[in-house]
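> What shape does this take:
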Amino acid sequence: MTAQLPYILITPARNESALIERVIESVTHQTVLPVRWVIVDDGSTDNTREIVNRYAEKYPWMEVLSLPERRDRSFAAKVFAFNAGYERVQHCAYEVIGNLDADVSFGPDYLEFLLTKFQNDTTLGVAGTIFREDGYTSEQHSFEGRNHVAGGCQLFRRRCFEEVGGFVANRAGGVDWIAVTTARMKGWKTEAFRERYFFHHRHLGTAERSAFAASFSYGEKDYYLGGHPIWELFRVAYRATKRPFLVEGLALALGYTSAAVRRIHRPVSDELLKFHRREQMGKLKVILKSLLSFKRIDSFDVVPQRGN
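Residues are numbered from 1 along each chain as shown. Predicted coordinates for the structure are as follows:
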C-alpha cells in the first residue's frame, strides 16, 4: 500500500446516540486510519457522550471533547463545535482535514480512496463522494453536479481549508456549500467522486423537523446563498416531479419567495454570489441542451473563470 497523506477528522455530534456508532465503526475499520479524530459532543442530552467515550478508551487516536448543554440546534452551532475540535488538532502534523457528520457510514477503503485522489492531484482542494439515503442518491437526484462536495463527508487539503478561512458560522445553513464554492472561486478543484459513496442515515435536512419544513428551509437557503431566480424555477419544477409529488417543490418555492420578500441577509460576498450565478447559468445551459438533444448527461459541471 502506498503511503498516504496524514489526515485528521472532526465530527460535531449532538444527540446522535441512535446513529453515531455506525460512523465510529466505519472509521475504526478504515484501511488508513486518521492521525487524530476529535468527536465534539455538542451538549448532548442523550447518551452520545457515553457511547463515544467507550470507543475512545480503545483507540488512542480518538478524542472526545464535551461542550456545555445548549437549547438550540443550528448550523452556526455546528461550526462553533467544529472550530472547538479544530483547536484541539493544531499540534498535529497533517495534510488533509475532514469534516465528518455523525450520521453517516461508508466502506473500509473509503478514506484511503479519497486520500489517493489528493495525492495524485495537487490542484484538488476539496474531495468527497456521492451519497445515498433511503430512496435517494445524489448522483441521480441532485442538480449540483460533480464539483459540489456534500457536507456529510468533506475532505479539504490543509492549505485550501486555510485559504478559504474554514467554515462561516451562518445560523441558517450553507456553511459547507460556502466553503466548497469559495475554494473553487479561489482556483481549487473540488469533486464528488462516483466510484464510492457514503450512506446518510437521516433524510437530508430533517433533523428535528418535517420534510416540508426542510424543503422550505432549502428554498430560503437558495435565496440567501445567492441562487439565481431562473435556476430556482427549474429546481422547483424538478422537485415537484418527485415523491411526494408537488409538495416539496411547493415548499421550496415558498421558502425562496418568502426569503426574497423579507430580503433576508445574505452571508456571501458579492464576488461569491456572482461566481455562483455564473456556475448555475453554465450548468443550466448544459442541462437544457441535453434535454433538447435527448441525450443523457452524467455531469453538468461548468466552472466559469473568475472575472468573466
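
> can you give me the helices for the stretch 151-300 of the chain?
Applying DSSP state H, counting those that start in this stretch to the stretch 151-300 of the chain gives helices spanning 158-164, 175-185, 211-224, 229-240, 247-262, 270-292.

> so where's this structure uncertain?
Across the chain, the ranges flagged by pLDDT under 70 are 1-3, 71-74, 141-144, 171-172, 204-209, 294-308.

> So which residues of it form strands?
According to DSSP state E, the chain carries its strands in the segments 7-13, 36-42, 62-67, 96-100, 104-105, 124-133, 136-137, 153-157, 189-200.

> looking just at contacts, which helices and strands does the third one meet?
Where contact means 3 or more C-beta pairs under 8 Å, 6 or more residues apart in numbering; DSSP states H and E, strand 62-67 is packed against strand 36-42, helix 48-56, helix 75-87. C-betas here are computed from N, CA, C, even on glycine.

> Could you measure from Phe118 over to Gly226?
Separation of Phe118 from Gly226 (C-beta to C-beta, to the nearest Å): 29 Å.

> repeat for Phe245
Applying C-beta to C-beta, the value for Phe245 to Gly226 is 29 Å.

> Can you name the residues that contact the nearest residue to Thr190 once chain neighbours are set aside?
Spatial nearest neighbour of Thr190, excluding adjacent residues (C-beta to C-beta, 6 or more residues apart in numbering): Val126 at 4.1 Å. Counting by C-beta atoms under 8 Å, 6 or more residues apart in numbering, Val126 touches 149, 154-157, 160, 179-180, 183, 188, 190-191.

> okay if I get those as TSV plus neighbour count and distance to Ile8?
Formatted as TSV, these follow (neighbours: other C-beta atoms under 10 Å; distance: C-beta to C-beta, whole Å):
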residue	neighbour count	distance to Ile8
Val149	28	17
Gln154	24	13
Leu155	26	10
Phe156	28	11
Arg157	23	12
Cys160	25	14
Ala179	25	16
Val180	27	19
Ala183	24	18
Trp188	20	19
Thr190	24	19
Glu191	22	21
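
> what does stretch 262-275 rub up against?
168, 170, 172, 174, 178, 181-182, 184-185, 220, 223-226, 276, 304, 306.
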